[in-house]
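Chemist: Curious how this folds, go ahead:
(chains A, B, C and D)
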Amino acid sequence: MPVEKSFEPAIVAFCCNWCTYTGADLAGLNRMKYPENVHVIRVPCSGRVNPQFILRAFQKGCDGVMVCGCHPGDCHYSTGNYFTRRRFMIMKRLLEYNGIDPERFHARWISGSEAAKFRDTAAEVSEHVKKLGPNVKYREEFRITESAEAGT
Amino acid sequence: MTNEKLDSLLAKAGVRQYDCYQCGKCTGGCPMARAMDLKPRGVMRCAQIGSLERILKSNTIWLCTGCHTCVERCPHDVDLPALMEEARYLASDMGYERRDSKVLNEVFIANLKMFGRNHEMLLAGLYNMIAFKPLQDMSSVPHMLKHGLIEIKPHETQKSESIKKMIERAEKLSSVRS
Amino acid sequence: MSRIGVFVCHCGTNIASVVDPDKLIAAARELPGVAYAADYKYMCSEPGQQMIKDSISEHGLDRIVIASCSPRMHETTFRKMLKNTGINPYMLEIANIREQCSWVHVDKDRASEKAVNLMRMAVSKISKNEPLYAQTIPITKKALVIGGGIAGIQAALDIADAGHEVVLLERESSVGGKMAMLDKTFPTLDCSACISTPKMVDVGAHPNITLMTSCEVESVSGYIGNFEVGIKQKARYVNHDICTGCGLCETKCPVKVESEFNLGLSTRPAIYKLFPQAVPSKPIIDKENCRLLKGGKCGICAKLCPLGCVNYEDEDRTITDNFGAIVIATGYQLVDWPSMYGEYGGGRYKDILSGLQFERTVNAAGPTEGHIVRPSDGKEPETVVIVKCVGSRDPNKGKSYCSRACCMYAAKHAHQILEKLPGTRVFIFYIDVRTPGKGYEEFYDQTRMDGAVYVRGRVSKIYEEEGQLVCRGEDSLLGEQVSVKADMVILETAMEPSPGIAELTSLLGAARDVNNWVQEAHPKLRPAETQVGGVFLAGTCQGPKDIPDTVAQASAAAAKVIGLLNKSEMETSPMISAVERDKCSGCGVCVGICPYKAVTLLEIDDRHGAKRIKREVANVNSGLCQGCGACTSACRTGALDLLGFRNKQILEEVDALCL
Amino acid sequence: MESTAKSYRLATEYVMSRIGVELVEIEDWNCCGATSAHTLSELMGIALPARSLATAELKEPELDIVTGCASCYARLRLAMHKIRTDKAAKYLIENVIDMPYEARREVYNFLDVLSREDVTEAIKGKIKRKLEGLKVACYYGCLNVRPALITGAPDRENPQSMDAIIALTGAETVDWAFKTECCGAAHQNDAASVTRDLSWRILKNAQLSGAEVIVTACPMCNLNLEMRQDGYRKNTGRSSIPVFSVSELLAVAMGASARHIALDAHHVPAAKALAAALRRSEGGVAI
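Modeler: As a prediction, the model looks like this:
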């Protein structure tokens, strides 16, 4: 896939139903504006986000991944996001190990009332990932294996 | 300008001024508060409203004995003795008037430079002379002399010269501290 | 092959003015599995819903994607609609193209492109959806109230009055709690006993209430509607079935120990009633101090009892009962100030009283029959110092929080002293005066006008000299050191949770905050519930509060319990964790992660080749599971999955975005 | 301890030799700078005590350090703490004192040493005569216990270690309120009227609590409390109260004579109170 002149990254944001998803809805209600690149996937809790979801996204060529949940201590499910926090501190290292720039991955705490924070985070991450350019690492390797398979 | 200085003073002392909620427990237990023109709680108040000058001009910072009663009892662990100490250094550096104890402290250090140890009679005598208090505590002198509690001849460390040099090194380094 | 129907809502112009519905329809028709796609001005409206219903029967659709506003808005609406169509309500996905698309973007082309992406993600996800069915669980129509203070008493009475059975459990030998110890209550100064004893008698006599004193919770299992609770009935050594409470046994007991009810200000025998108005009005034997039970010779009380109630062989027993709901109302205790404040003498000085000790002193039924006198010499004080915030607002030595009731009871104490001993000088050392409550500020004003002198400053040191207590501090409004020679000092000490709260909450699975108070489900909107379904809270177990607030919260908790017990069964959300037992290795990581104790290890019979074996697998309790999915992310083998948000569903969404 | 604290020194030497503890004087020690040095400069306030500690580490690497003065204790202990916890400060200080210093050994105050179980046992064995009924107020002073972070003292308001030691002599320690109140000794020269009042307050509370004598663990405290007593008598109309170091009481109980430990060197006549106590317990043995 050739790099287009104005590269628009595809970003997936896993948002917990109780805080960040609500915050994102509130941003809409207040008609705040942010880039179109961010696509929200609703999950009940940030603790539901299995690391393999993130790896899969990067593997499939997603340019950036956000995981957003309630602030630590405010989790709707009382402790879920503590596990998220611990899990994603290690996640960064795992990504590095896999050759994916850990800067493509962002974990943020955004409450249901922080519409502006959601907007700012979406804009910031979008801008940041844009600078990093397209995530082609695995896509190219896929293509190689695919064509090799096709060849035989 | 003033606040930068105040902020760095507080940072060096490890004190966050807004930790203090002005309950006055520090002043209540301070042994020297009676003689202070700005009470310990007042020092924290000045830090909160940004009035560094009042802190540096106060006699409080020179009267603090460092007994740590205040911080021991403080509900928010505000290390006032550390703040007082840093304020003394800053006051000296900035050329504010040093209160009464200057005389004593300098006589004390001069004493150490000479002998490496403290010579009580010389200390008290010199202090009284310079501070114009010729009779303070002098009633005890005959008793002390009689029982060998003080001596005319000072004890010297063997290497008092090295101590003098060391003190001078420390003084030099102290004066360049930011 | 699934037959998916895609319905795009214009939401008037809210969506259609930015996102082009035609593009969505066109894109949808290209997607595999989509059998039908249509758009409409308002999908949520009656005609909109009818249109979907018609399309379902016309095109034989089996799952529905609606591209519209946020699912938080209309997911329930559309699920209800599906219920009447024969399609399982969970065969529904909503693409949020309003709040998260048309409202937040300007560029029409790119917004439409994103809307297509969102719709495609929903279509991909729904291809993996499966029908889900809500379970119903029966409800045991009986409530357990833990703690017999005013909170527990109020909650028990409210629930019982609504016609439900209640067990009121109390650790001490009598209900009444702290309120029974108080003399008067602020700001109205009505006598505490006069308003609380009738309620105590009521719980003792109510046909729907079973009073269980000298009892503690030993075990809890089950979930909302179906708790099984093991209760330890501590040995009383007195048969309460026969005892008439005549009190003869107490008269000749040779033992004298400090009375816990009078906080050490008087003594009691080893066979005793907690206080004269105790409910039940029957004694127990304190086995730690009874001469005979300690191995000595005695047995006087048994000889005295005309009915032969005393039984030295009595033992602790465990009783098991089932409940539909549980109310925690375990209350508070005062902090142990002597271990915190060496500068106040660390408990060495007799004439320094805690606020509660003063309540006993000033109480007509107390050890001094209400005469305010010094414990050391029995003399009336001429000067009294009251110190506030002892142990509270002091993260260094005590608790960081404000204990909330102390400002008012300090004012009350000052008022009582000035009323009973006119001419006494009363000094109140305070940091702030907090009187947010109906009639509170007026009460504070009155106390000042009565002559109580408020001194702003925290007392730094209290020491005894020449028979008086010297209080040294700062009058911070004057900026000077002050020193008051007092004959009596009252320390208004902070509340902290009752001992054993940690054990109890962990049995129940309820959370505690940093200060060990029981955590409410939501600080504003669910203040009388814990985050565990069916477990409610009332009174000072949740945080320091005064009597009016305690009673209000107790009634709130009772209302919640009544609402629950009025149903005979309840529906649970089907979007919960499920275990694939074949995959589960029984590692148990999920057990520790679950905040609701919903996951446990279960031993099952299995086959290993031809051999029968027993092994452990994770088991999810559908009554407890709230569907957060934390366990699924921690599961190593992928045996745990969250229904409605299955791994494969979410991965489909991811894949659909990336293509 | 060579000059104003003559009796303290003599008594300490006496006690220690009796129980077989050898104290080694740090060769060429220097003054810790007390309040004056750190008032003027933080660095000097740490470098001065660090020099003595470094010398000790060099000459006697296997020995811990003990000091009989609260102020020295605070300064020495702070220097030790600083060296252990602050690498930059360690570098600077080693340069100033021109010696390496690793702070390997501990700094104790005299009370810590006396409170060690083996030392207490040894003292018990050497007590020859009881100071029966002598009412003693133990004055710890501020810097033996504060700041808690540096001293590690468990109770800063009502410590008990000295009371336990004094109890070995048969004397009775009184419960009083000024065990750790600052006597203001640091300002006895320049804010004399305030420190005078502080001392008087301490003396008064000790007497009102029933004490016949005060016992200290610091020569500065000792000197300050003693020197203020002429004025105390005149202004309050109370009698004066003898002030001893903890060693002196132990020495007397171990059998030291008044001359041995220079009891007559006290500003406030001291021997009488002890003699009375000894008479009470032994029917007239003179001191």
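Chemist: Same question for stretch B:21-35: list its buried residues.
Modeler: Of the residues in stretch B:21-35, B:22-33, B:35 count as buried by neighbour count, 16 or more other Cβ atoms under 10 Å in any protein chain shown. Every C-beta, even on glycine, is put in place using the N, C-alpha and C of the backbone.
Chemist: let me redo that: stretch C:420-428
Modeler: Within stretch C:420-428, the residues that qualify as buried are C:421, C:424-428, counting by 16+ other Cβ under 10 Å.
Chemist: quick one: that stretch near chain B?
Modeler: No: contact of stretch C:420-428 with chain B (Cβ under 8 Å from any Cβ of the partner chain) is absent, the minimum separation being 13.2 Å.
Chemist: follow-up on the earlier one: okay, and which of the buried residues of stretch B:21-35 map to helices?
Modeler: B:25-29 (DSSP state H).
Chemist: Including pLDDT, could those go into a markdown table?
Modeler: Listed next are those as a markdown table, based on pLDDT from 0 to 100:
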| residue | pLDDT |
| --- | --- |
| B:Lys25 | 97 |
| B:Cys26 | 97 |
| B:Thr27 | 97 |
| B:Gly28 | 96 |
| B:Gly29 | 95 |
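Chemist: Contacting chain C as well, which ones from those residues?
Modeler: When contact is defined as Cβ under 8 Å from any Cβ, those meet chain C at B:25-29.
Chemist: What separation do you get for D:Met44 and chain C?
Modeler: 31 Å (Cβ to the nearest Cβ, to the nearest Å).
Chemist: what about whatever residue of the stretch 51-200 of chain C ends up closest to chain A, how many residues close to it?
Modeler: Nearest residue of the stretch 51-200 of chain C to chain A: C:Glu99, at 3.1 Å (Cβ to the nearest Cβ). Using other Cβ atoms under 10 Å in any protein chain shown, C:Glu99 is surrounded by 25 other residues.
Chemist: ok, it - contacts?
Modeler: Contact analysis of C:Glu99 by Cβ atoms under 8 Å, 6 or more residues apart in numbering or on different chains lists A:24-25, A:27-29, C:69-70, C:73.
Chemist: now the strands: where do they sit in the stretch 551-659 of chain C?
Modeler: With DSSP state E, counting those that start in this stretch as the criterion, the stretch 551-659 of chain C has strands at C:569-572, C:577-579, C:599-608, C:611-620, C:640-642.
Chemist: So which of the ones you listed is nearest D:Lys126?
Modeler: Taking Cβ to Cβ, strand C:599-608 is the member of the strands of the stretch 551-659 of chain C nearest to D:Lys126, at 65.2 Å.
Chemist: How about that closest one and chain A, touching?
Modeler: No: Strand C:599-608 is not in contact with chain A by Cβ under 8 Å from any Cβ; minimum separation 13.2 Å.
Chemist: now do stretch C:581-593
Modeler: Yes: applying Cβ under 8 Å from any Cβ, one finds stretch C:581-593 in contact with chain A at C:Ile593.
Chemist: mind checking the backbone torsions on C:Phe261?
Modeler: Backbone torsions of C:Phe261, given as degrees, to the nearest 10, read phi -70, psi -40.
Chemist: which residues sit in contact with the residue lying closest to it once chain neighbours are set aside?
Modeler: In space, C:Phe261 comes closest to C:Phe275 once its chain neighbours are excluded; the distance is 4.9 Å by Cβ to Cβ, 6 or more residues apart in numbering or on different chains. C:Phe275 makes contact with C:174, C:176, C:180, C:261, C:365, according to Cβ under 8 Å, 6+ apart.
Chemist: Let me know the secondary structure of C:Phe275.
Modeler: Three-state call for C:Phe275 (DSSP: H, G, I helix; E, B strand; the rest coil): coil.
Chemist: what about it, distance to C:Phe358?
Modeler: For C:Phe275, the distance to C:Phe358 (Cβ to Cβ, to the nearest Å) stands at 17 Å.
Chemist: can you check D:Tyr8 too?
Modeler: From D:Tyr8 to C:Phe358 the distance is 47 Å (Cβ to Cβ).
Chemist: swap in C:Glu653?
Modeler: Counting by Cβ to Cβ, the gap from C:Glu653 to C:Phe358 is 65 Å.
Chemist: quick one on the thing from earlier: which of the contacts of C:Glu99 are buried?
Modeler: Burial by neighbour count, judged by 16+ other Cβ under 10 Å, picks out A:24-25, A:27-28, C:69-70 from those.
Chemist: Which single one of the residues you listed is nearest to B:Ala11?
Modeler: Compare each of the buried ones among the contacts of C:Glu99 with B:Ala11 using Cβ to Cβ and the shortest gap goes to A:Ala27, at 38.2 Å.
Chemist: In space, what's closest to the closest one - neighbours in sequence excluded?
Modeler: Leaving aside its sequence neighbours, A:Ala27 sits nearest to A:Ala115 (Cβ to Cβ, 6+ apart; 4.0 Å).
Chemist: any chance you could map the strands in chain A?
Modeler: Taking DSSP state E as the criterion, chain A contains strands spanning A:11-16, A:38-43, A:64-69, A:105-109.
Chemist: which one of those lies closest to chain D?
Modeler: Across the strands of chain A, closest to chain D is strand A:105-109 (Cβ to the nearest Cβ), at 34.0 Å.
Chemist: List the contacts of that closest one.
Modeler: Defining contact as Cβ under 8 Å, 6+ apart, one finds that strand A:105-109 is touched by A:19-20, A:46, A:54, A:64-72, A:81, A:84-85, A:88, A:91-92, A:95, A:117, A:121, A:125, A:128.
Chemist: Check the secondary structure at C:Arg448 for me.
Modeler: For C:Arg448, the assignment made with three-state DSSP gives helix.
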